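just coords:
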């Protein structure tokens, strides 16, 4: 599983990253979590407002910080495919 947190390092971006790490830990799932801070790479995903979350190369959300339960749902969806 590959997860990317898209953002320049603002407080909301850090909060999203922490929620992702906590969700993975609670689920016992191993994943590569990458922080993408390059604005060109962020806009390549169609994200115009950070933070953004990409799971297995699929954009799940941007412009807000989802809670752990939402993140867990997206991870579970990707694991079942």
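Here it is on my side, so go on. Remember, it's a predicted structure, so these values are computed and weren't measured experimentally. Residues are numbered from 1 along each chain as shown.

so the residue positioned nearest the centre of the chain is in which element?
The centroid of the chain falls nearest to residue 53 when counting by CA atoms, centre = their mean (2.9 Å). For residue 53, the element it lies in under DSSP states H and E is strand 52-55.

Following the chain onward from that strand, which element is next?
Downstream of strand 52-55, the first helix or strand assigned by DSSP H and E is strand 58-62.

Just want the angle from the very next helix or strand once past that following strand to strand 58-62.
As assigned by DSSP H and E, the chain's next helix or strand after strand 58-62 is helix 68-79. Using axes from the mean of the first three to the mean of the last three CA atoms, to 10 degrees, the direction of helix 68-79 lies 170 degrees away from that of strand 58-62.

For helix 68-79, which outside residues touch it?
Residues outside helix 68-79 that contact it (CB atoms under 8 Å, 6 or more residues apart in numbering): 1, 3, 19-20, 22-24, 26-27, 29, 31, 53, 55-56, 58, 60-61. Yep, even glycine has a C-beta here, placed from its N, CA and C like the rest.

Just the buried ones among those, please.
Among those, the ones that count as buried by 16 or more other CB atoms under 10 Å are 3, 19, 20, 23, 24, 31, 53, 55, 56, 60, 61.
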